[in-house]
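# next one to model:
(chains A and B)
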There are 2 protein chains.
Amino acid sequence: MDADSYRPTSMSPEEAAEHDAVFGALTRSVRELVEAQLLTEVDHDVARGVTAEVEALTARLRKQASDGPLGIEVGDDGRTRAHGNAVIGLRNPVAPPLHVERSPDGKAWSSFRLGPQYEGPPGLVHGGVSALLLDQLCGEAAAAGGAPGMTGRLTLTYRRPTPLGDLSAEAWIDHVEGWKTTVRGCIKDADGNPTVEAEGLFILPRWARELMEKQGEERPDRFE
Amino acid sequence: MDADSYRPTSMSPEEAAEHDAVFGALTRSVRELVEAQLLTEVDHDVARGVTAEVEALTARLRKQASDGPLGIEVGDDGRTRAHGNAVIGLRNPVAPPLHVERSPDGKAWSSFRLGPQYEGPPGLVHGGVSALLLDQLCGEAAAAGGAPGMTGRLTLTYRRPTPLGDLSAEAWIDHVEGWKTTVRGCIKDADGNPTVEAEGLFILPRWARELMEKQGEERPDRFE
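All right, here's what the predicted structure looks like:
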């Protein structure tokens, strides 16, 4: 990964909006299919029939397709579109997705629902899924505060079980030292009790620092 | 969560095998659809048509369905079926899934491929996805060594970027103190270089300890 990994988008804002509406709806439909097929108890013949139809739809979508991962696009306004991201990606059915709000004082927060596809212990969110969401949220807090980086270290402390269902999470910059940003965060259950706490160290990679020195730039806001 | 969270399966081994074949194939087809819809560049009309068909399939699967998460089933032989698990679940399209091998000396390992739905930074595995997989693998190492538990703390150290594609991971018990098991693990890239290291503390929950004292049982092997 380097500076070229962030591709400029070729779409106008209007084109991007329509594209996102169409493919966002497609992704939402696949997310619902993911949950439905996990919980279904239909007869085997019905399951076999649906399998064949899903395979046919996959073939239709593959007729015209990118061969690589989606990466991150950067618009003319500097805003990023991380549609493939495993946590926030509009086009990624693996992502819940989290809609993350951010403030320039280095805070990020989100409310969301985790369905049965995020289960670990019976009825509970997988401990690793909590780690996944907190990594993203802590990284966004660092970026929101103007001190972005790639994850260098992440420590999760599990205080109590996290039930599937409605949850929230928040993260905030604890302190910044040079290219290293320390962020804290937590997931809260529906009653507002913290269930998992995180402390993350985010480090701006060397290629980004060198690019900035060369161009006399501010810190880039591109590590989401 | 308590001892009752683990449901005995109502299926014979033969019924379970056929069930897994049919619904495993359905899940595989949905996993491929997830990847195809993420990368597709079909015309908007085609995308809208596929969306409608996916919605119809979801409705068919929902006609007969469980209303809760899958939980974990326990067979007559004591083996668990965690088909909904977000990392190893046979029936969970969010899971890659990892096929984890284990040995009774407290080791667990797996080789797997991560597609574009696990992306974070461009072309790279999301740091939180690495955390997700290592949480599962470390927990399995603890269980394999007869010292299972729920995750109490997990620390990830990111040594170098993890590229999407073919990867492997391993975990092993470092030491056991009473009800607390410390496990180490790592993810390796296709060249065998460690990219992310983990240290996890797994703790046997009180309800399990009390159940064991009451029944004079060995440690249960049910924290996968």
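# okay but A:Tyr6 is in contact with B:Pro122, surely?
Yes: contact status for A:Tyr6 versus B:Pro122: in contact at 6.6 Å, counting by Cβ atoms under 8 Å. Yep, even glycine has a C-beta here, placed from its N, CA and C like the rest.
# give me the common contacts of those two.
A:Gly71, A:Ile72 (Cβ atoms under 8 Å, 6 or more residues apart in numbering or on different chains).
# more neighbours: those two, which one.
Neighbour count, other Cβ atoms under 10 Å in any protein chain shown: between A:Tyr6 and B:Pro122, B:Pro122 has more, with 21 against 17.
# tell me which strands the host helix or strand of A:Thr181 pairs with, and in which orientation.
Per DSSP states H and E, A:Thr181 falls inside strand A:180-188. With DSSP bridges as the test, strand A:180-188 is paired with strand A:165-177 (antiparallel), strand A:194-203 (antiparallel).
# let's have the ones you listed in a markdown table, adding mean neighbour count and mean pLDDT.
Shown next, in a markdown table, are the strands paired with strand A:180-188 (neighbours: other Cβ atoms under 10 Å in any protein chain shown; pLDDT from 0 to 100):
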| stretch | mean neighbour count | mean pLDDT |
| --- | --- | --- |
| strand A:165-177 | 18 | 97 |
| strand A:194-203 | 22 | 98 |
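# need the contact partners of stretch A:155-162.
Taking Cβ under 8 Å, 6+ apart as the rule, stretch A:155-162 contacts A:121, A:124-125, A:127, A:130-131, A:134, A:187, A:189, A:193-200, B:1, B:131, B:150-156.
# check stretch A:58-70 too.
By Cβ under 8 Å, 6+ apart, stretch A:58-70 touches A:82-84, A:89, A:91-92, B:29, B:32-33, B:36-43, B:46, B:50, B:116, B:119, B:122-123, B:164.
# check chain A for its longest helix and report it.
helix A:13-39 (DSSP state H).
# which parts of it are buried?
Within helix A:13-39, the residues that qualify as buried are A:16, A:19-20, A:22-23, A:25-39, counting by 16 or more other Cβ atoms under 10 Å in any protein chain shown.
# just these that are near chain B?
A:19, A:22-23, A:25-27, A:29-30, A:32-34, A:36-39 (Cβ under 8 Å from any Cβ of the partner chain).
# nearest to B:Ala171, of these?
Of all those, A:Leu38 has the smallest distance to B:Ala171: 26.0 Å, by Cβ to Cβ.
# about what we covered before: just the buried residues of the contacts of stretch A:155-162.
A:121, A:124-125, A:127, A:130-131, A:134, A:187, A:189, A:194-200, B:1, B:131, B:150-156.
# find the nearest non-adjacent residue to the residue nearest the centre of chain A, please.
By Cα atoms, centre = their mean, chain A has its centre lying nearest to A:Val87, at 2.2 Å. Nearest non-adjacent residue to A:Val87, counting by Cβ to Cβ, 6 or more residues apart in numbering or on different chains: A:Gln136, 3.9 Å away.
# what's the local residue count around the one you found?
A:Gln136, neighbours per other Cβ under 10 Å, totals 30.
# now the one 10 residues further on
Burial measure for A:Gly146: 16 neighbouring residues, criterion other Cβ under 10 Å.
# next, give phi and psi for it.
Phi and psi for A:Gly146, reported as degrees, to the nearest 10, are phi 80, psi 20.
# hmm, it is touching A:Pro104, no?
Yes: between A:Gly146 and A:Pro104 a contact is recorded at 7.2 Å, counting by Cβ under 8 Å.
# flag the shaky bits of chain A, pLDDT-wise.
For chain A, residues meeting the criterion pLDDT under 70 lie at A:1-5, A:217-224.
# try 80
A:1-10, A:75-80, A:211-224 (pLDDT under 80).
# ok so, going back, what about the residue nearest to the centre of chain A, is that helix, strand or coil?
coil (DSSP: H, G, I helix; E, B strand; the rest coil).
# residues contacting it?
A:Val87 neighbours (Cβ under 8 Å, 6+ apart): A:Ala95, A:Pro96, A:Pro97, A:Leu98, A:Leu132, A:Leu133, A:Asp135, A:Gln136, B:Gly120, B:His126, B:Gly128.
# and if you look at A:Val34?
A:Pro93, A:Gln117, B:Val30, B:Val34, B:Pro93, B:Val94.
# what's the closest non-adjacent residue to it?
B:Pro93 (4.8 Å).
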